[in-house]
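K.L.:
Quick one: sequence plus predicted model below, questions after.
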Amino acid sequence: MINAASSVDQAPISKFALTLIDLMDRVEYRRVIAEDQMDPVYRLRYEAYRREESVPENARHVVHDEFDDLPNVYCYGIYIDDRLVSSVRFHLLTDKLRHSLSYSIFSDVLDPLLDEGKVILDPGRFTTDYEASLSFPALPFLTLRIATMAVQHFSADYVLNAVRPEHGAFYRRVFRSYVMSEARHYHGLAFPIVLYACQIAVMYDDLLERYPFFRSTETEREALFGPNPQPVPLVRPSVRQANRVHLKLV
């Protein structure tokens, strides 16, 4: 367990953060292999989007698009007690690799940053199991922890959030994101999306202080984002170990 009282030079840890750190003892992350087009993550996407009728029905009951097969893609399933509860995908954008869903919609906004040599993380396809979302209200934090770790692993300068307008408040509050473009439509979605961005280097330390469950070890990050993942790796979060220098463990 973690004490809510930490060292004298650090603010107390919130009850929300402590609860989430405890929950993460039951969590595993698994990287999806692109060649497996029937991975459960793609079925989870289909179920989530079909609940809102935002994608058409298909006989395979999967949502797998052309962006899942790009060389700069990273896709993950999040498991609690061996049950798939959510998923997220991100693309790593550089001046040499300009391929992602957000880039296909907002290339005019992103090209100036990429021309400057900025490294941009573009998370997307954030979907959840409906029952799990009711049982675990903090599921967005567990899921987006992957993108937060990737920022450190890849030394990203910006993180994008291409989201529905009504979801923007969450990213403004948690990641200090700001609007980069007006709402636009993508041909595969039935709703408009707005492009938000977080200049991550400016607020990363503050983010970790407010949400210590985003911390991780280099070992965990290498297991998740390294160049040679195992066929079906299951990676347990390293949040307790990563926080040892910041929090008192008992």
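P.N.:
Yep, it's here. Numbers count the residues shown, from 1 in each chain.
K.L.:
all helices for this protein, in order.
P.N.:
Using DSSP state H, the helices of the chain run over 15-23, 40-51, 101-115, 130-135, 139-154, 168-175, 200-210, 218-225, 239-242.
K.L.:
among the helices and strands of the chain, which has the poorest mean pLDDT?
P.N.:
Using mean pLDDT, DSSP states H and E, strand 234-235 stands out as the lowest-scoring helix or strand of the chain, at a mean of 72.
K.L.:
my guess is Leu160 meets Val119, correct?
P.N.:
No - taking contact to mean C-beta atoms under 8 Å, the distance of 11.7 Å between Leu160 and Val119 leaves them out of contact. C-beta: built from backbone N, CA, C; applies to glycine.
K.L.:
more neighbours, those two?
P.N.:
Taking neighbours as other C-beta atoms under 10 Å, Leu160 and Val119 compare with Leu160 leading, 29 against 18.
K.L.:
How about that one: what's its closest non-neighbour residue?
P.N.:
Asp122 (4.6 Å; C-beta to C-beta, 6 or more residues apart in numbering).
K.L.:
Report pLDDT for that neighbour.
P.N.:
Among the per-residue scores, Asp122 shows a pLDDT of 96.
K.L.:
Enumerate every residue touching it.
P.N.:
Taking C-beta atoms under 8 Å, 6 or more residues apart in numbering as the definition of contact, the neighbours of Asp122 are Phe90, His91, Leu92, Leu93, Ser100, Leu101, Ser102, Tyr103, Val159, Leu160, Ala162.
K.L.:
what's the answer for Met203, then?
P.N.:
With contacts defined as C-beta under 8 Å, 6+ apart, the neighbours of Met203 are Phe175, Arg176.
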